[in-house]
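Peer 1: sequence and predicted structure below; questions after.
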Amino acid sequence: MNPGDTILKIQDLHVEFPINIGTVRAVQGVNLELKKGEVMGLVGESGCGKSTLGFSILRLLRPPGRIAGGSIVYRGQDIVKMGRKDLLALRGSKIAMIFQDPLTSLNPLCSIGEHFVETLTTHERSIGRREALERSGKMLESLGIACDRLREYPHQMSGGMRQRIMIGLALIMNPDLLIADEPTTALDVVVEAQFLDLLGDLKNRFNLTIILITHNLGNVAQLADRITVMYGGAMAEVAPAGSLFDRPLHPYTRGLLASIPNIKLDQPKLMTMPGSPPDLVNPPGGCVFHPRCPLSIDLCPTQRPPVFSLDGHLVSCWLYRDSS
Ligand SMILES: Nc1ncnc2c1ncn2[C@@H]1O[C@H](COP(=O)(O)OP(=O)(O)OP(=O)(O)O)[C@@H](O)[C@H]1O
Ligand SMILES: [Mg+2]
């Protein structure tokens, strides 16, 4: 596969959580295409469906979550229809995921080495313990951690080191797609910046394609080639990172950018977006953003906008119905 070829194509994905008061429509008709070697930032307010989308790609939704429709095609295979055996082979060795809090993802009773040995032997049955430890040691060194720390336990590591261990565990099988869900939330700003640098470096070294889920627009600005903005379970806008920051099209993207500090702009004060994210059990009709949108027109409350393509942006907003 060449850089720039499509590695993952999500079409009209719907994910729901049936609960006692109704059905949470966490992902509503999302389309997403990812090219080999690119970093896609996935941003949006809390509860907009970012993690649900990430978990769906690995079919790791927590009960009662279910994929209610659509397809997730990875290298020609639809993950939604995949059998258990293929799914197990996919997880870890082709697509890996790292999570927000490394301490809850690492077993406090197992040494770092045991974590690596288990990951390796699960996917490569023929590998011996000695070879597994050797490979793990090399991986640790490449992440800036001395290999003799394989003997230590998670509580002996700092937060930044644990997050590097998590990324080592994710990369040891040499996956080609990494989904990083808020990987830096538990880190202080200095360690966070180091971790993002490391992620960028690993992307080049391992020829990785990355989905970086975050609510921190600064993080994606540093690393992402393209950014997908989600709102209320739906895709609002997809654009190359620079272009999204310079010329956001969707009113939600504009609101989001106006609400973060920007040293380039002379901002007398930060904007806040009025209203709150939608109730996903009873989402508003038409465009999910219309109750908060300062530019809403008559079509918005009644009809869901399709995706319009404009200046390299994909934007789901009726304002652009005549421009694409
Ligand atoms: N196991 C679950 N049961 C019921 N509802 C759920 C479950 N997991 C997620 N949801 C709901 O799905 C919606 C999307 O949640 P999700 O965790 O994907 O959002 P998010 O964008 O990742 O938010 P955050 O930035 O806070 O991590 C929310 O309304 C959430 O309450
Ligand atoms: Mg999340």
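Peer 2: Cool, got the structure. Ligands and ions are numbered 1, 2, ... in the order given.
Peer 1: output the below-cut-off pLDDT ranges for this structure.
Peer 2: Filtered on pLDDT under 70, the chain yields the residue ranges 1-3, 102-103, 261-271, 324.
Peer 1: contact residues of it facing ligand 1?
Peer 2: On the criterion Cβ under 6 Å from any ligand atom, ligand 1 has as its neighbours in the chain the residues 17, 19, 24, 26, 44, 46-52, 62, 65, 215, 280. C-betas here are computed from N, CA, C, even on glycine.
Peer 1: show me the strands in the stretch 151-300 of the chain, by range?
Peer 2: Taking DSSP state E, counting those that start in this stretch, the strands of the stretch 151-300 of the chain run over residues 177-181, 209-213, 226-231, 234-240.
Peer 1: dump those into TSV; add mean neighbour count as well.
Peer 2: Conversion of the strands of the stretch 151-300 of the chain to TSV gives the following (neighbours: other Cβ atoms under 10 Å):
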stretch	mean neighbour count
strand 177-181	23
strand 209-213	24
strand 226-231	25
strand 234-240	24
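Peer 1: if we can go back for a sec, hmm, which two among the residues of the chain next to ligand 1 are most spread apart?
Peer 2: Set against one another by Cβ to Cβ, those have their most distant pair in Ile19 and His215, with a gap of 23.5 Å.
Peer 1: turn the strands of the stretch 151-300 of the chain into JSON lines, including distance to Arg91.
Peer 2: Rendered in JSON lines, the data for the strands of the stretch 151-300 of the chain read as follows (distance: least, Cβ to Cβ, whole Å):
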{"stretch": "strand 177-181", "distance to Arg91": "11"}
{"stretch": "strand 209-213", "distance to Arg91": "15"}
{"stretch": "strand 226-231", "distance to Arg91": "22"}
{"stretch": "strand 234-240", "distance to Arg91": "25"}
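Peer 1: using CSV, list the CA coordinates for stretch 23-38.
Peer 2: Listed in CSV are the C-alpha atoms of stretch 23-38, where the atom choice follows Å, rounded to 0.1, in the frame of the first residue of the first chain:
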residue,chain,number,x,y,z
THR,A,23,-31.9,4.8,22.9
VAL,A,24,-28.7,6.9,23.0
ARG,A,25,-27.9,7.7,19.3
ALA,A,26,-24.2,8.2,19.9
VAL,A,27,-23.0,8.1,16.3
GLN,A,28,-25.5,9.1,13.6
GLY,A,29,-24.5,8.6,10.0
VAL,A,30,-20.7,9.3,10.2
ASN,A,31,-18.6,9.1,7.1
LEU,A,32,-14.8,9.1,7.3
GLU,A,33,-12.0,8.2,5.0
LEU,A,34,-8.4,7.8,6.2
LYS,A,35,-5.4,7.7,4.0
LYS,A,36,-2.3,5.6,4.7
GLY,A,37,0.2,7.6,6.8
GLU,A,38,-2.0,10.4,7.8
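Peer 1: ranges for the helices of the stretch 101-250 of the chain?
Peer 2: Secondary structure of the stretch 101-250 of the chain (DSSP state H, counting those that start in this stretch): helices located at 102-105, 112-123, 129-142, 159-171, 189-206, 217-223, 241-246.
Peer 1: these two touch, right, Glu16 and Ala26?
Peer 2: Yes - distance between Glu16 and Ala26: 6.5 Å, which falls inside the contact criterion (Cβ atoms under 8 Å).
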